[in-house]
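Novice: 3D, please:
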Amino acid sequence: HNADFKATSPKLPGHCSEWEKLESVTAEDWLNSLEQKTEKILKVSEKINIIGLSMGGTLAALLCNKFQDRTATLSLICAPFKVPSYQKLGYFFAKFFLKSIGGIGGDIKKIGAHEEYYPRIPVKAIGELFKIIDSGQKVLRNINVPVRLFYSKHDHIIAKESSEIAMKKIPADDKKLKIY
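Specialist: Numbering: from 1, shown residues only. The predicted structure is shown next:
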């Protein structure tokens, strides 16, 4: 089977640079950037397959919601759709006292594997992530394209509950959850 695929992995504003740059961007900046890139792709492609990992998965759901008529499939890999109460409470207090917190990463189980992650995360960026997660959960009920969800039972960062929420709220007939 010959298929002509084109893939892109957009760099979000503030990402792939010093962690301090994340402090100056907003959830809207991230989503607007992805929407502009998607519009460019749709000028040369009839349909798109959207795939996202972690926060990128939540952003992928938001993109799918906006471009659903041009989305062939949606794949969400360990995408967060719920912020645990203790994290919301921690953020509420941290924003008054801290500029940043230690980075989150190193959750790859494979021996010898190395994960790149920021040594620090601006507290403001955490608030922006929470906005994305809240918005992402709200659009799940609108998604009606084939969806594949992937979750690792060894993930210590994104709770399994997020995949369960997505499975429950997405009305698409063609949806599957794979747990590794």
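
Novice: from now on I want contacts and neighbour counts done on CA atoms only, so please keep to that.
Specialist: Noted.

Novice: ok now do Leu63, which residues does it touch?
Specialist: Neighbouring residues of Leu63 by C-alpha atoms under 8 Å, 6 or more residues apart in numbering: 31, 34-35.

Novice: which of those residues fall in helices?
Specialist: 31, 34-35 (DSSP state H).

Novice: circling back to that earlier point, are any of the contacts of Leu63 buried, and if so which?
Specialist: Neighbour-count burial (16 or more other C-alpha atoms under 10 Å) applied to the contacts of Leu63 gives 31, 34-35.

Novice: same list, those, but as TSV with distance to Ile108 please.
Specialist: Shown next, in TSV, are the buried ones among the contacts of Leu63 (distance: C-alpha to C-alpha, whole Å):
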residue	distance to Ile108
Leu31	27
Leu34	27
Glu35	30
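
Novice: list just the nearest of these to Phe67.
Specialist: Of all those, Phe67 sits closest to Glu35, with 8.8 Å by C-alpha to C-alpha.

Novice: mind listing the helices for this structure?
Specialist: Counting by DSSP H, the helices of the chain are 27-42, 55-66, 85-97, 123-139, 160-169.

Novice: thinking again about what came up before, out of the contacts of Leu63, who's nearest Leu12?
Specialist: Among those, and counting by C-alpha to C-alpha, the member closest to Leu12 is Leu34, at 7.6 Å.
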